[in-house]
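Asker: got a structure for you, letters missing:
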Ligand SMILES: NC(=O)C1=CN([C@@H]2O[C@H](COP(=O)(O)OP(=O)(O)OC[C@H]3O[C@@H](n4cnc5c(N)ncnc54)[C@H](O)[C@@H]3O)[C@@H](O)[C@H]2O)C=CC1
Ligand SMILES: CC/C=C\C[C@H](O)/C=C/C=C\C=C\C=C\C(=O)[C@@H](O)C/C=C\CCC(=O)O
């Protein structure tokens, strides 16, 4: 989808990857609703973006994505300000193996809720113009991150939910595509939680493994991941596709054949984004 003139809503926008996604959307001519639970950092970001892009290009909304009321209110305010929503990026996420129910609430439940809100506002059957939803998972949504079983579960959940809903959206002709981004380690604040006993609980003793994994995968910088995000947004079709980002390569993930393909004798593996929707 061409970005110029589009309206985007990004959760967890105040810092890290969310900020990177907002900046690349703005640079390419979109207007962006910035949602974040951190009011102070969000207001600072809004002030800095106002200087660069002008005050009418962004809207900062304090929003805890785990609150159903705050989230639906944020969608409503975005529509009041900009009149439509074309792109939604569900990015807010935390690592917390100790308070794992909170991790499930932020990383998975809120992504599901926000995705359904986005569908409600974008789908053609409700008078919407269609659109694109990009859900931010992780490489830990494709394979196990041993220090973080619950984080791993939530990110696998995001991948599975988004792929299934992409097929459902196409079958229902909603006009809304879903895509998923799976980066390896990125230099942001979340990385520091990997060595914190407060967040890693039972698994803080495994910190050495994290360092080994970071040594093996390397460390991405936010702008590299923002470029991959832009690729997902701009490329037409590819509904249900999952884009993996490592310091060396950015490539679409090929999944094993689905049980329905096996039963129906379809010879090719589940090709990401094979449908041109
Ligand atoms: N940094 C990394 O290595 C990787 C991060 N990711 C994912 O990228 C996403 C962004 O993470 P980072 O930018 O790295 O982390 P970060 O900690 O720098 O930023 C997360 C942002 O989300 C906001 N947030 C947290 N809880 C929230 C809530 N309940 N409601 C609204 N906003 C909330 C925070 O205030 C913060 O602005 C997460 O989903 C994370 O799991 C995926 C792969 C790698
Ligand atoms: C809680 C952590 C916060 C942020 C981390 C972030 O989401 C990054 C995750 C980065 C890496 C995930 C790793 C996933 C690993 C796997 O898929 C393993 O199954 C594979 C492990 C080693 C592969 C060895 C090899 O085959 O070369």
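Answerer: Happy to help now that I have it. Everything quoted here is computed from the prediction, not taken from an experiment. Ligands and ions are numbered 1, 2, ... in the order given.
Asker: Name the residues of stretch 163-172 that come out as buried.
Answerer: By neighbour count on 16 or more other Cβ atoms under 10 Å, the buried set for stretch 163-172 is 163, 165, 166, 169, 170. Using the backbone N, CA and C atoms, a C-beta is placed for each residue, glycine as well.
Asker: Adding pLDDT, write the residues you listed out as CSV.
Answerer: Below are these laid out as CSV (pLDDT from 0 to 100):
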residue, pLDDT
163, 98
165, 98
166, 98
169, 98
170, 98
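Asker: would you turn those residues into JSON lines with distance to residue 232?
Answerer: As requested, the buried residues of stretch 163-172 are arranged in JSON lines below (distance: Cβ to Cβ, whole Å):
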{"residue": "163", "distance to residue 232": "14"}
{"residue": "165", "distance to residue 232": "16"}
{"residue": "166", "distance to residue 232": "12"}
{"residue": "169", "distance to residue 232": "16"}
{"residue": "170", "distance to residue 232": "17"}
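Asker: pLDDT weak spots in the stretch 51-200 of the chain?
Answerer: Residues of the stretch 51-200 of the chain meeting the criterion pLDDT under 70: none.
Asker: Please, which helix or strand holds the closest residue to ligand 1 within it?
Answerer: In the stretch 51-200 of the chain, the residue that lies nearest ligand 1 is residue 93 (2.1 Å; Cβ to the nearest ligand atom). Under DSSP states H and E, no helix or strand contains residue 93.
Asker: Am I right that it is in contact with residue 189?
Answerer: No. If you go by Cβ atoms under 8 Å, residue 93 and residue 189 don't touch, sitting 11.3 Å apart.
Asker: Counting neighbours, go ahead and name the busier of those two.
Answerer: residue 93 (25 against 9; other Cβ atoms under 10 Å).
Asker: Chain neighbours aside, what residue packs nearest to that one?
Answerer: Leaving out its chain neighbours, the residue that sits closest to residue 93 by Cβ to Cβ, 6 or more residues apart in numbering is residue 107, at 4.9 Å.
Asker: That neighbour belongs to a strand?
Answerer: No. With DSSP: H, G, I helix; E, B strand; the rest coil as the criterion, residue 107 is assigned helix and is not in a strand.
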